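Just to be clear, the model below is a prediction. Sequence and coordinates:
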Amino acid sequence: MIKLIRPEKPIELTEEKEKELILDFKNTKKAVWRQPYIVERLLNMSHKKCCYCETALETQGRPMHVEHFHCKDDYPDEVVNWNNLLPSCSQCNSNKGTLDTKLYPLLNPTVDDPKNYLYLNHFYIKSKDNALDSIGRETVELLDLNNRDRLLNPRLSIVDMMRYKLNDIHKKAVELKNRDDGKQYNKSRIVNGIKDILKMAQPTAEYSAFMGAIILDDEDYFETKEILMELGLWDAEMQGLHDVADSIKLDTHK
């Protein structure tokens, strides 16, 4: 989960339109929030990912659900309130269910910065405050953010792929540093490889907060970065990708 910046509400969602849609929902229970201009703006806000678990939406049979942070059944007047709408996968939406978030708060990634509440411990997302009723712990447990089949195994699969690539890049970087003939064999592979790895920890990537923590805490990554800086190959693009990854990654300690 990463912090999301909520854009201005769609211009089509005027005050009059909100009243019309709210009345329609109360009378018919139709999914009045499934307006194209609402769906598109929400998808763009979350980089086409679930706002909670960061799985990709609108691909591989993963439709986006318009999630009502304050449950539509309890708060029908907020059914198209722009600040109450979030893009979610079907599973997170189902897990959250009809919880009254005004009585039992959960993390809202457009309001709360998840990295202030959550951290990564041995590949598991955990709450920095381990109290049973803490907002971080309630969020992780209710949304089942460490579900092995749905989330943990896919995250670990990406980590395995990343570490295989990083190990190869690190080896090439060490060999490049130790050359005494001045030739820069594999320079492009090393530079482009590091950029590709850092792109796995950008807001547009699946599980970016998780991947940022893994990548930036990896010894091979750290040493490769140091070598590239020493050789004058660490450029502004790499630094920018690193900084973004660092800004959204989960801590690896409380």
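That came in fine, so what should we check first? Residues are numbered from 1 along each chain as shown.

For the chain, which segments are assigned as helices?
For the chain, the helices defined by DSSP state H occupy 15-28, 36-45, 90-96, 135-143, 153-178, 187-198, 208-216, 219-230, 236-248.

low pLDDT regions in the stretch 51-200 of the chain?
182 (pLDDT under 70).

most remote residue from this protein's center?
When distances are taken from the C-alpha mean of the chain, Asp181 lies farthest, 43.9 Å away, according to C-alpha atoms, centre = their mean.

tell me the contacts of it?
By C-beta atoms under 8 Å, 6 or more residues apart in numbering, no residues touch Asp181. Where you see a C-beta, it was placed from the backbone N, CA and C, and this is true even at glycine.

same thing with Leu143?
Applying C-beta under 8 Å, 6+ apart, the residues contacting Leu143 are 52-53, 92, 95-96, 106.

closest to Val159 among these?
Cys53 (16.0 Å; C-beta to C-beta).

Could you check how far that closest one is from Ala201?
From Cys53 across to Ala201, the span is 16 Å (C-beta to C-beta, to the nearest Å).

Walk me through the domains of this structure.
Using automatic domain parsing, the domains assigned to the chain come out as 15-143, 148-248.

how about a markdown table for the ones you listed, with distance to Pro7 added?
Shown next, in a markdown table, are the domains of the chain (distance: least, C-beta to C-beta, whole Å):
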| stretch | distance to Pro7 |
| --- | --- |
| domain 15-143 | 6 |
| domain 148-248 | 14 |
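
Specify the stretch among those that is closest to Glu8.
Each of those has some distance to Glu8 by C-beta to C-beta; the shortest is domain 15-143, at 8.4 Å.

distance of the residue nearest to Lys249 when sequence neighbours are not counted from Arg163?
The spatial neighbour of Lys249 that comes closest, neighbours along the chain excluded (C-beta to C-beta, 6 or more residues apart in numbering), is Gly212 at 2.8 Å. Distance, Gly212 to Arg163, using C-beta to C-beta: 14 Å.

neighbour-wise, which of those two wins?
Remark: of Gly212 and Arg163, Gly212 carries more neighbours, 27 against 17, as counted by other C-beta atoms under 10 Å.

Look up how far Gly61 lies from the residue farthest from the centre of the chain.
53 Å.

ok, now Thr139?
Relative to Gly61, Thr139 is positioned 25 Å away (C-beta to C-beta).

More neighbours: which of these two?
A direct count of neighbours by other C-beta under 10 Å for Thr139 and Gly61 places Thr139 higher, at 24 against 6.
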